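What follows is a predicted structure for the sequence shown.
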Amino acid sequence: IVNIVASGDLHTYIDLNMAAVVMENVMYEPEVFPGVIYRMLDPKTVFLIFSTGKVVCTGAKNKKIVRDAFLKLNHEVRELGVTKKSKVNNDYQDISFI
């Protein structure tokens, strides 16, 4: 396995403008792409984050890395206040192995 692509849902609205300001390693150009591109350094993954709370994770080498990355993203969006909810749920499915 070289790359795993997983989609998931944080079940909350994400303020992408705020995310682009307060999160590190983020690129947001709404005129080019409707989501935030977040390059997580540890575990090394890339997330596409949409305002609906839907996310796509790529770059993981195994399911544990996917799980750890989703848990860390969940914690970060809650701690940084880029969500309207104080409790964020996450689930991921649709995992593709490449």
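Received, thanks.

the strands in this protein, which residues?
4-9, 26-27, 36-40, 45-49, 54-60, 91-97 (DSSP state E).

Sheet partners, orientation included, of the shortest one?
For strand 26-27, the paired strands and their directions (DSSP bridges) read strand 36-40 (antiparallel).

Tell me how far Arg67 lies from Tyr13.
23 Å (C-beta to C-beta, to the nearest Å). For every residue, glycine as well, the C-beta is placed using N, CA and C.

sorry, that was for Glu24
Glu24 sits 21 Å away from Tyr13 when distances are taken as C-beta to C-beta.

Which of those two has more residues huddled nearby?
Tyr13 (14 against 10; other C-beta atoms under 10 Å).

Spit out the contact partners of the more buried one.
Ser51, Thr52, Gly53, Thr83, Lys84 (C-beta atoms under 8 Å, 6 or more residues apart in numbering).

How about Ile37: what's its closest non-neighbour residue?
Leaving aside its chain neighbours, Ile37 sits nearest to Met27 (4.5 Å; criterion: C-beta to C-beta, 6 or more residues apart in numbering).

Tell me what angle the lengthiest helix in the chain forms with strand 4-9.
Taking DSSP state H as the criterion, the chain has its longest helix at helix 63-79. Calculated by axes from the mean of the first three to the mean of the last three C-alpha atoms, to 10 degrees, helix 63-79 forms an angle of 40 degrees with strand 4-9.

so where is this structure shaky, pLDDT-wise?
84-98 (pLDDT under 70).

how about 80 then?
Filtered on pLDDT under 80, the chain yields the residue ranges 1, 82-98.

what's the spatially most central residue of it in contact with, if anything?
Centroid check for the chain by C-alpha atoms, centre = their mean gives Phe47 as the closest residue, at 4.2 Å. Counting by C-beta under 8 Å, 6+ apart, Phe47 makes contact with Val36, Ile37, Tyr38, Met40, Val55, Val56, Cys57, Ala69, Leu73.
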